[in-house]
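Novice: Here is a sequence together with a model predicted from it:
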Amino acid sequence: MIESTDPLLRVRNLRTSFDTDRGVVSAVDGISFDIKPGEVYGVVGESGSGKSVTALSIMGLIDSPGVVEADAIEFRGEDISGYSDAEMRDIRGGNISMVFQDPMNSLNPVMTVGEQIAEVVRHHTPVGESAGFWRELSRKYVTGTDKESDSWQRAVELLDTVGIPDPKERATEYPHQLSGGMRQRVVIAQALAGDPDLIIADEPTTALDVSVEAQILNELLELADEFDVSVLLITHDLAVIRETCDRVAVMYAGELMETSNVQELFNNPQHPYTRGLLQSIPRITDDREWLDVIEGNVPDLINKPEGCPFQQRCNYSFDMCDKPLERHRVSDDHIARCHLHSPEVDTAAHDFDTEATGDRSITSGDSGIIADGNGGDDL
Amino acid sequence: MSTSLSDIVKTDRARIFGIRTDLIEQFVDTLQQDLKAKVGLVIVSVFILAAIFAPELTPYDPMAQEYGVFQPPTLSGAHPLGTDSYGRDILSRVMYGARISLAVGLGAVLFGGFFGVLIGLLSGYYGGWIDDVLMRAVDVMWAFPWLLIAIMLVAIFGQGFWNVIFAVGFAYIDDFARITRGEVLSVREEEYILAAENVGLSDFEIIFEETFPNTVAPIIVQFTVLVARAMLAESTLSFLGLGVKPTTPTWGAMLGQGRTFLTQAPWISIIPGILIMITVLGINLFGDALRDAFDVKEGDEA
Amino acid sequence: MTVSEEVEEPGRIPDDPLLRAEGVEKYFESNTGLIDSVFGNEEYVKAVDGVDIAIGQEETVGLVGESGCGKSTLGRTLSRLYEPTGGTINFGDKDVTDISGSELRSLRKEVQVIFQDPLSSLNPRKTTREIIGKPLEVHDLASGQEKRERVEELLEEVGLRASHADRYPHEFSGGQRQRIGIARALAVEPELIIADEPVSALDVSVQAQIINLMKRLQDEYGLSYLFIAHDLSVVKHIADRVAVMYLGHIVEKGPTSAIFKNPQHPYTRALLRSIPSVEGTKGKREVLLEGNPPSPLNPPSGCPFHTRCPEYMGEECEAETPTLKSVVDAPGEIGPPDGTPIDVTGDTSKAEHTVACHWLEEDAEERRSNDPLTGD
Amino acid sequence: MGMRRYIAKRVGHAALVIYFVATVVFIAVRSIPGDPARLMLGGDAPPEAIEALRQELRLDEPVYIQYFYWMRDILFGDLGESIFNNQPVLDLLIGVAGPTLSIGLVGMAIAFLIAIPAGIVSATRRYQVEDYLATLFSFIGISVPGFFIGILLILVFANRFEFLPAFGYVKPQEGLVTWFSHVILPALAVGVPYGGIIMRMTRSSMLEVLNEDYMRTARSKGLSPRLVLYKHGLQNALIPVVTVSGILFAVLLGGVVSVEIVFGIRGMGRLLINSINRRDFPVIQGGVILISIVFVFMNLLVDLVYTMINPKIKYGGGE
C-alpha cells in the first residue's frame, strides 16, 4: 500500500467554466482530491462529466473563454494555481506530463518521433544542449536533430524502454508510419522524457483495441513504477480503473460523487450513481437477461439542478436531494457525496441497502460530514 | 400531436433551400453582430439596386457625347462624377457599367457553378473511373487559365457578352467541381449516406436529396467569392479590350480608356477603379460573413 | 468421441436459416488511379476473405473482432450495401448475391442496418420525422396522415416522445440518436437487422439502455440480429451464437456458451483473456496478443493469425490456411482445453461449434503442453 | 505511396495534361467557322495568298494528318511562323518571356514575403490591431484588380514623386538596379492581389492548426508559445497554402498581362493582345500552349515543394 505522506498533488475546490452563447457551462464544479506519491489515481466518468477538463485545468491548458478557479492546486506543497504561463512551462512536461487519448492526432505529423521526444529531454533535463528558440528552429528547419546528441540518444533509449523494436530506426520515422499501439508508446515515452513526478493520462487506450489496450496499460504502469511516477488516469471504463488504480474518484456532471480505494469501490459502492454504473456494465461472467439501466440522460451543464446533479436519474431520490451536497465518510478511505449517508437519514428507509449490490455489503463507516480543508480527504 | 405553423415553415424552408434552418439563423445572427457583414450587405445592396434600376435612375444618356469634355467631378454640379474625354456623363456610365459587372459576375458563376457542381457530385459520389475521367477533364480545363480561354474565344469569335460569360465561367467549373467533389467525398464517409442506401433510396435521390444539401454551405461561400473574382476578371478583360464591346460602358473599359488622360483627367480612370474596388470588397465582405456563419474552412478551396 | 445431443436451446444452428452466406468475399482496390490501372498496379485489400455464416429466424448472431478485421465490411456486404466480390448470399429461399434495382429495393424492406455512429448515421439536414418517414415512403408503406402517425408510434416504441419528431439530430443526445436509428430500421418491419457496433459510441449507462431496447424489440417483432461488436461482454449478453473474425476470416464460431466457456481458437482465447473486468481482485491483464493485426493489404500466408499466435506451432501454420472444423463441446473453464477438441466430421454445415486452427489435428496432450494459457 | 512514385505520377500527369491542352487548341482552331486562312488574312486578301496559307497550315489535308503534323511540330518546338511578320513563333515568344517572367516571379516573391508572415501574425494576434491591418491588406488585395493598382502606383511613385520609372523594361544584363527599378512597380501590382489570397489562406490554415491536438501536446511539454507556433505549427499550416498557391497561378497570370499593358512593357501579354488584334493565329496558339506548359510546370514545382513539406508523401502513407 501507499505510505501516507504529503500528497504529491492536492486540488481544492477546482471550478472550470466556459462562457458560451447559451450561458455559462460549469464543466468542473468544485472538485477536490489528493494524489499521493507513487500512486495510480483514477478518475472515471461518462462523456461530458468534466474529467478531461479537470486534467487540462491542472496543467493550465484551458484557453479563453474557459475560466479556471481553485482554492488551491498544490504540487509538492506549492500552490501552482496562480502561476504565470512562463512558470507553468517548467511544470508542464518536466514535473507533470500528459498522455492524450488519440495518439494519431496528439503527435505532430511533420516531426520525427525521435525529435518530439528529444525536445522534451532538452527542455526539462540537464543534458546541456541549448533549447533556445532559434537553436530549436534551426534544428527543425535547417540542421535537423544531431543524431549523436545526448537528447537524441536519450529519446532512442526511451523508445527502447517503452518496448519499441529497432528504436534507432523508429526514432527517425514520422507518426503516420507507426501503428496505433506504437504511436501511443511514443506518446508515453514522450511523457517520461522530462523525468516527471506525475503523468496525467487522459483516456490513453480509448482509441485502441482491447488487445493493444492491455499492452499499453501494462507498459504505462510498469514504467510508472520503474520511474517512480504517480499517474492520474482518466477513463470512462471502470474495468480499466479496477485493474490499474489504487484509488478512484467517480465523476458526474462536473462533480465528484464518490472517492474510495479501488477495492472498496468495486466491492462496496456507496453512491447510487456508482452502483447504477457498475450494474449497467455487461459482463462475461453474468447471465442476467436484462441489464440494469440508469434511465435518462446526463443533465445540461448550463442549468444544473440545485443540489445533487444525479437526482433526476436516481432511484433513491428523496426530499433532501435538492439541498447542497456534503461529503460523507463511509470508511477510512471512502467518501460519498450523497444525502443518503447523512447521519440524520435512515438509509434502510430508502431501500438503499446491501440488496442493491448483490453480495456486496456496506461496511458501517463512521458516517459524518467532513469539514473542508481536512488534509488528505478527497471530493 | 400538433405541429405549430412555425415548425412547418421551418421544415419547409430547410427543404427548399436544402440548408439547415439554423444555418440561416446563424447567418442572420452574424449579420446583426458583425460590422463586416453589415458593410458588405449595404455595398452589395446599393450595387444591385443601382444596376437593376440604372435606366430609371441615371440622369443622362450614358452614350450621349454632349456634356462638355473633361469636366471634373463636382458633388454639387450637374455632373457629380464629371465627364470623360467624349463629354459623356460618368455617373450615368458607371451605373450602366454596374449592370455588365453584375450580369457577367452572376452569369459566369452560375454557368461555372452548374457544370462544376454537377461534375463534382457525380465524380465524388461514384468515384472509380467516372471520377478519373471527369477529374482529368477538369485538370485540362484548369490548365487553361481563364485569360487564355478568353483570348482564344475573342480571337476566334470576336468580342461579345456571352463570350465573356463563357470564358470567365468556364474557368470556374474546375473550382466548383473540386470543392463539391471534396465535400461529397467527406459527406460520403458519413454513415447517413449508407443509411439512405439501406432505406432503399435511388442513386439520384441519394445524390440530390441526401448529399447535395450537406455540401451546399461551402458552395454558397465559393459562389460569392467567385462572383467577386468574376467581376475582377470582367474588368480585366474590358480593360484589355477583350470584353463585351468597346462602346458599352463597363468599368474596366472606362478605366482603360481613361488611362491615356491619367495626368490630365485622372478621375476618368480612378472613379471606375474605385467602384470596382468597393463593389468587389463588399461582395468579399459578404462572402466572408457567410463563411464565418457557415464555419467553412478556407482550406476547402484546395 | 461424443456426438452432440439434440437439444432445444438457443445456439443451435438453424435448420432453415433466414440468411445464409457462403464463401463471401469482399475485396477493395487500394489504388484506383488511371495510371495505376494502366500499369496494372492494383492492389487488393481482402477485407472479407471467404466467410460462411447463417442467421436463423429470431436469432441473434454476434460477430466480434478487433478493428480492421472486416466485421463491418461483412455486415455491409451481407446487407448488400457493398457488392460482394465472391461467394453467395441467400435470404430466405432467394439468392440475393447479384440482385439490383427493384429486387434490391425489396430486400431493403427485409434487411435493415443500424450504424455505429448515431450522429453520423442521421442526415443533419433532416428532421426526425423525415428520417423515419423516408423508408415508409420509399416502400409505399404509409403516406400522409398515416405516415405521421406511424412515425410518432415508432418514436414511442423506441422510447422517445412523439413531440421529438420535428427536431433535428443535433438536438438529441447520443443514446436518443441511436434510438432514432433503430426506429428508422424498424419502420419497414424488417426480418433481419444488421447492427454494426450499435453501442460502441455510447456511454456505459446508455449502452445498457440500448441493448435492453434491442432485446425487447426482438421479442416483440420477432427480429433476427447480426450484432457486430468489438466488445465480447456486450455480445455475450445479447447473442445466441457468436462468430469470431480475424483479418477477413471467421476463425471460430459456435453457440455463445461454447465460445465463452470453451473457446478453442488461440485468438478467441487470447481475446477473452484481454477483456478488462469489473469483478474479482485487482490485477493486471495478461498480454497474450503482442503487436497489432497485420495489414489486410498484405496478409500473412497460411493461418492469418500465425504472426501473433501464442500457440504458434511452426511451418504448418505458415504453409496452409486452416479450414473450419467441428469440435464437440465439453464443459470447461475459459482457456484451458479440458474438453479435448475432437475433429468430428468433414461436414461442418450442421456443426455447432467450429474452429479454424491446425491444433485441432493434434493430440490433446501435445496441445496442452504447448499451451501458454494453461497456467504452467 | 513513396515519394518517387508520387513524383513519377505527377510528371506523367503533367505530360498528359499538356498533351490534352495541345489537342484542345488544335480542335479550337479547326472549329473556327469558315475558312481559317481567309479569316486570318482578312476578307480582301488575294486568293493565292489564302491558298498558300491553307497549304502552310495543311488545311487541305485530312484532319488526322493535320493532327499528326501538329503534334510532331509541337514536339520539336516548331510553333509555326507569325502571319504578321513571318518570324518563327517560338523566337517571338522567347523574346518576350524575359519581362513577363521577371514581373511574375518578382511579384510572386513579394506576395509570399508579405503574405505568409502577415497571415501568421494575423492568426496569432486574432482580433488585435495586427490582425485588422493584415486583414485590410488582404481584402484590398482580393478586391482590387492588378491594373488599377498599377495605375495608382504610376500616379504616386512615377508621376508624383518621380523616383521610379513608369514605363518600359530593362534587361537584367544592363544593370540589376535599373532592372529592378523597372520591375518593382509592375511586380507589386501583380503581387498584391495574389498575396491577398495567400494571406487569407495562411491565416485560416494557421487558425486551424492552432486548434489541433498536437499543438496542445506541444504546450503540455512546456514549450514556449513562440516555439509551439513556429516549430510545431508553421510547417503544418503551410501544407494547404502550398497547394492553393499553385491553383491560383491563374490570378497571377491575369495580373501580369494587364499590368504589362499599364506599364507599357513588351511582354507575353502585350504580344498576345496585339496578335489578337492582328488575327495572328499561330502566335496566339503558340502563346496559349507555352503559357499552359509553364502553368503546368509551375504546378509540378508546387507539387515537389509539397512532397518536401508533407512527410506523408515523402515517406509513404498516402495523401
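Specialist: Yep, it's here.
Novice: Around B:Gly77, count how many other residues there are.
Specialist: Neighbourhood size, B:Gly77 [other CB atoms under 10 Å in any protein chain shown]: 11. In this view, the C-beta of every residue, glycine as well, is placed from N, C-alpha and C.
Novice: how about low-confidence regions in the stretch 101-250 of chain A?
Specialist: For the stretch 101-250 of chain A, no stretch has pLDDT under 70.
Novice: Around residue 71, how many other residues sit close by?
Specialist: This is for chain A. Neighbours around A:Asp71, by other CB under 10 Å: 16.
Novice: Sorry, I should have been clearer: chain D.
Specialist: So D:Met71, with other CB under 10 Å, has 14 neighbours.
Novice: close enough to count as contact, it and D:Ala22?
Specialist: Yes. D:Met71 is within contact range of D:Ala22, at 6.7 Å (criterion: CB atoms under 8 Å).
Novice: residue ranges of the helices in the chain, please?
Specialist: Picking chain A for this. Assigned by DSSP state H, chain A shows helices spanning A:51-59, A:85-91, A:103-106, A:113-124, A:133-138, A:150-161, A:167-170, A:180-192, A:210-227, A:238-244, A:262-267, A:272-280.
Novice: Not quite, go with chain C.
Specialist: C:34-38, C:71-78, C:101-110, C:128-138, C:144-157, C:174-187, C:204-221, C:232-238, C:256-261, C:266-273, C:315-319, C:364-370.
Novice: Comparing the ones you listed by mean pLDDT, which bottoms out?
Specialist: Averaged per stretch, pLDDT over the helices of chain C is lowest on helix C:34-38, reaching a mean of 55.
Novice: What's the local residue count around B:Arg93?
Specialist: When neighbours are defined as other CB under 10 Å, B:Arg93 has 28 of them.
Novice: That one: helix or strand, and which one exactly?
Specialist: Counting by DSSP states H and E, the element that carries B:Arg93 is helix B:90-126.
Novice: Check which element follows that helix along the chain.
Specialist: Note on helix B:90-126: by DSSP H and E, the next helix or strand toward the C-terminus is helix B:128-143.
Novice: what residues are up against A:Met59?
Specialist: A:88, A:91-92, A:96, A:98, A:200, D:220 (CB atoms under 8 Å, 6 or more residues apart in numbering or on different chains).
Novice: Quickly check: the helix holding B:Arg93 near chain D or not.
Specialist: No. Judged by CB under 8 Å from any CB of the partner chain, helix B:90-126 makes no contact with chain D; its nearest approach is 11.7 Å.
Novice: where does the stretch 251-379 of chain A dip in pLDDT?
Specialist: A:347-349, A:353-379.
Novice: From the contacts of A:Met59, which land in strands?
Specialist: Assigned to strands by DSSP state E, the following of the contacts of A:Met59 qualify: A:96, A:98, A:200.
Novice: Identify, from the residues you listed, the entry nearest to D:Leu101.
Specialist: A:Met98 (51.1 Å; CB to CB).
Novice: Look up how far chain B lies from the closest residue to the closest one other than its chain neighbours.
Specialist: Counting by CB to CB, 6 or more residues apart in numbering or on different chains, A:Met98 lies nearest to D:Ser220, which is 4.4 Å off, once chain neighbours are set aside. From D:Ser220 across to chain B, the span is 25 Å (CB to the nearest CB, to the nearest Å).
Novice: can you give me the helices in the stretch 1-150 of chain D?
Specialist: Secondary structure of the stretch 1-150 of chain D by DSSP state H, counting those that start in this stretch: the helices cover D:3-30, D:36-41, D:47-56, D:63-75, D:89-124, D:129-143, D:146-153.
Novice: in the longest one, what's buried?
Specialist: Buried positions in helix D:89-124, judged by neighbour count with 16 or more other CB atoms under 10 Å in any protein chain shown: D:89, D:92-93, D:96, D:98-100, D:102-104, D:106-108, D:110-112, D:114-116, D:118-124.
Novice: hmm, back to that, tell me how many other residues surround the residue nearest to A:Met98.
Specialist: 26.
Novice: ok, it - contacts?
Specialist: A:59, A:61, A:92-93, A:97-98, A:100.
Novice: Next: A:Leu217.
Specialist: A:204-205, A:240, A:243-244, C:284-285.
Novice: Just want the residue of the stretch 101-250 of chain B that's nearest chain A.
Specialist: The nearest approach of the stretch 101-250 of chain B to chain A comes at B:Glu189, 16.2 Å away (CB to the nearest CB).
Novice: care to break chain D down by domain?
Specialist: D:10-75, D:94-309 (automatic domain parsing).
Novice: Give the ranges of residues in the stretch 201-302 of chain B that sit below the confidence cut-off.
Specialist: B:295-302.
Novice: Can you pull the residues of it lying near chain D?
Specialist: Checking the stretch 201-302 of chain B against chain D by CB under 8 Å from any CB, the hits are B:228-229, B:232-233, B:235-236, B:239-242, B:252, B:255-256, B:259, B:262-263, B:266, B:269-270, B:273, B:276-278, B:280-281, B:284-285, B:297-299, B:301-302.
Novice: Narrow the residues you listed to just the buried residues.
Specialist: Buried members of those, scored by 16+ other CB under 10 Å, are B:228-229, B:232-233, B:235-236, B:239-242, B:252, B:255-256, B:259, B:262, B:266, B:269-270, B:273, B:276-277, B:280-281, B:284-285, B:298-299, B:301-302.
Novice: Okay, and which of those map to helices?
Specialist: Reading helices off these with DSSP H, I get B:228-229, B:232-233, B:235-236, B:239-240, B:252, B:255-256, B:269-270, B:273, B:276-277, B:280-281, B:284-285.
Novice: do you know how far A:Asp246 is from A:Ala224?
Specialist: 11 Å (CB to CB, to the nearest Å).
Novice: joint contacts of the two?
Specialist: Each of A:Val40 lies in contact with both A:Asp246 and A:Ala224 under the rule CB under 8 Å, 6+ apart.
Novice: which one of those two has more residues nearby?
Specialist: Between A:Asp246 and A:Ala224, counted using other CB under 10 Å, the more crowded position is A:Ala224 (24 against 20).
Novice: number of nearby residues for A:Glu258?
Specialist: A:Glu258, neighbours per other CB under 10 Å, totals 29.
Novice: er, D:Phe163 actually
Specialist: Residues near D:Phe163, counting by other CB under 10 Å: 8.
Novice: and it, what is it in contact with?
Specialist: Counting by CB under 8 Å, 6+ apart, D:Phe163 touches D:Phe157.
Novice: Give me the most central residue, the chain.
Specialist: As the question left the chain open, I've gone with chain A. In chain A, the C-alpha nearest the mean C-alpha coordinate belongs to A:Ile234, at 3.1 Å (CA atoms, centre = their mean).
Novice: ah, no, chain C please
Specialist: C:Leu63 (2.4 Å).
Novice: Pull out the buried positions in whichever strand or helix holds B:Asp174.
Specialist: Secondary structure assignment for B:Asp174, by DSSP H and E: helix B:161-189. For helix B:161-189, the neighbour count (16+ other CB under 10 Å) marks B:163-185, B:187-188 as buried.
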